[in-house]
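**Student:** Next come a sequence and a model predicted from it.
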Amino acid sequence: MWLALAPPAWAQEEACGGVLREEELHDALDAAEAALVELNVDRADRILDDVVGVLRCVAAPLSPDDLGRLARPLAVVAFYDADPEELRSWTWLERDTVGGAWPEAALPVPPAFHALRAELSEPPLVRAEGGWLPPKKGAVLVDGRPSVWPEARSEVPHLLQMVDKKGRVVWSGWMLGADAPERWIDPSGGAVEVPRWVVSPPPPAPWGDGVASADPVPDPNPPEEAAPVGDGAAAAEPVSPEEAATAPGDAQGEERSRRPRRTTAFMEVFPDCPWRRAPTKVTVQGTTVHVNRHSYPARTAPEVAELQRVFRQCGEFRAARRLARWAEARGAWFKGAEARKQRDAMVRVLLADEPTRRP
C-alpha cells in the first residue's frame with residue numbers, strides 16, 4: 001500500500017524543475033480519465049503517480065475542484081487494485097473537496113465501485129499540537145481552503161500550501177492526516193487569522209454516493225426486520241474488494257467483461273507511443289532529442305509542442321515539462337546554465353524507472 005511509503009512519497013522536498021501550470025495539470029488529468037474510460041488502468045496509474053509527485057510544484061493555490069478531480073481517478077485505480085485503504089483515502093478527499101454525484105458520463109465505473117464506497121467509514125478529524133506558522137501576513141490552505149488550525153482527516157492525504165501576503169504560493173506539499181512538516185507548526189501557537197484578501201471556495205456539494213458517516217444517526221422509523229433465512233430469505237454474505245471488482249453483472253457477466261487486465265507491457269500500456277519500449281537510450285545533440293531509435297527536432301516552438309505531445313502519449317509528463325523549461329531557458333539571456341540543467345533533467349526523467357505507489 002503506497003500510503004505506507006510516507007517518507008519518500010510525502011516528505012521529500014526535491015527541487016522543482018519549474019512550476020506546474022494549471023493547464024499542464026488539466027492535460028494530465030484528462031489523459032488519466034481517458035485511460036480509465038478505455039480500462040487502461042496501468043496508463044492511468046502512471047500518469048496519476050506523476051501528478052501526485054509534482055503537485056508540490058503547482059504555481060498557484062490549487063482549487064478544491066482540481067483536487068477532487070485528481071482524487072476521483074485515484075479512487076478508481078484503488079478499486080481496480082482491490083485496495084480498500086486507498087479507496088477510502090481518496091474517496092474522502094474527493095468528498096471533502098467536490099462532493100456531489102459521481103460524473104458517470106465522463107468517468108464510467110462498474111456498479112460494484114459504488115457498492116464498495118457505500119460501505120466505507122468516515123475517517124475522523126485529527127489536530128496536531130500547536131498552531132500553524134504561516135508566512136508573515138500570509139495564509140494556510142489545506143485542500144484549497146483556508147485553514148485556521150492544523151486539523152485534517154486522519155489517514156487521508158491533504159495538499160498543504162503556504163501563501164504569502166501577495167497571494168503567492170511559497171511552499172506546497174502533501175501531508176497525511178494532520179502530520180504537517182514541523183517548519184510550518186508553532187508548538188505553542190493557536191488559531192491563525194485568515195487574511196481578508198483570501199477568497200474561501202464554496203463548500204463541496206452534498207455527497208451523492210452513499211458513503212457511510214462516522215456516527216450514523218439512528219433511523220427513528222427503522223424498516224421491518226428482514227425475514228429469517230429459514231423463511232426463504234437469502235442471507236447476504238460479505239463481498240471482498242477482489243470479488244466486487246471482478247463480480248459478473250446481471251447481463252451475461254457485464255461486470256466481468258469490464259474488468260481491466262493489468263499489464264506491465266509498455267506497448268499495451270501506451271499503445272499510441274511511437275516507441276515500442278520504455279526509453280533505454282536518450283541523448284541530446286544540439287536541439288535534437290534522440291529517444292531509443294527516434295529523433296525529434298526541438299528548436300522551434302511548434303517542434304517543442306509536437307515533442308511534448310509525443311512525450312505525453314508515452315506517459316512522460318515530467319519530461320514534457322522539463323522540455324518546456326529547457327526551451328524557455330535557452331532562449332533567454334544569461335540562462336545557459338539553467339538550460340543545461342533542464343536539458344539534463346529531461347534526459348534523467350526519461351530514463352528513470354516509472355514511479356510506483358505500491359511496493
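**Tutor:** That came in fine, so what should we check first?
**Student:** Now for residue 93, how many residues are close by?
**Tutor:** 26 (other C-beta atoms under 10 Å). The way it works is simple: take the backbone N, C-alpha and C, and place the C-beta from them, glycine included.
**Student:** And the one 5 residues further on, by the same measure?
**Tutor:** Around residue 98 there are 20 other residues, counting by other C-beta under 10 Å.
**Student:** Which secondary structure state is assigned to the nearest residue to it once chain neighbours are set aside?
**Tutor:** Leaving aside its chain neighbours, residue 98 sits nearest to residue 68 (3.0 Å; criterion: C-beta to C-beta, 6 or more residues apart in numbering). Of the three states, residue 68 takes helix according to DSSP: H, G, I helix; E, B strand; the rest coil.
**Student:** Mind jotting down where the strands sit in the stretch 1-150 of the chain?
**Tutor:** 125-127, 131-132, 139-142, 145-146 (DSSP state E, counting those that start in this stretch).
**Student:** does residue 127 really touch residue 150, like I thought?
**Tutor:** Yes. Using C-beta atoms under 8 Å, residue 127 makes contact with residue 150 at a distance of 6.2 Å.
**Student:** Looking at those two, which is more packed in?
**Tutor:** More neighbours surround residue 150 than the other of residue 127 and residue 150, with 26 against 12 (other C-beta under 10 Å).
**Student:** Roughly how far does the residue lying closest to that one once chain neighbours are set aside sit from residue 139?
**Tutor:** Distances taken as C-beta to C-beta, 6+ apart put residue 128 closest to residue 150, at 4.0 Å, once the chain neighbours are dropped. Using C-beta to C-beta, to the nearest Å, we find residue 128 at a distance of 18 Å from residue 139.
**Student:** what's the answer for residue 313, then?
**Tutor:** For residue 313, the distance to residue 139 - C-beta to C-beta - is 39 Å.
**Student:** Neighbour count: the two, which is higher?
**Tutor:** Under the neighbour definition other C-beta under 10 Å, residue 313 and residue 139 were set side by side, and residue 139 has more, 23 against 16.
**Student:** Please enumerate the helices of the stretch 51-200 of the chain.
**Tutor:** 64-80, 84-97, 111-117 (DSSP state H, counting those that start in this stretch).
**Student:** between the ones you listed, which gets the lowest average pLDDT?
**Tutor:** Set side by side, the helices of the stretch 51-200 of the chain give their lowest mean pLDDT on helix 111-117, at a mean of 90.
**Student:** which stretches of the stretch 151-300 of the chain have low pLDDT?
**Tutor:** 209-264 (pLDDT under 70).
**Student:** Residue 318 touches residue 52, doesn't it?
**Tutor:** No. Using C-beta under 8 Å, residue 318 is not in contact with residue 52, being 11.9 Å away.
**Student:** More neighbours: which of the two?
**Tutor:** residue 318 (23 against 19).
**Student:** which element is that one on?
**Tutor:** helix 317-330 (DSSP states H and E).
**Student:** Output the contacting helices and strands for that helix.
**Tutor:** Using 3 or more C-beta pairs under 8 Å, 6 or more residues apart in numbering; DSSP states H and E, the elements in contact with helix 317-330 are helix 22-37, helix 41-54, helix 301-313, helix 336-351.
**Student:** Appreciated, that's everything.
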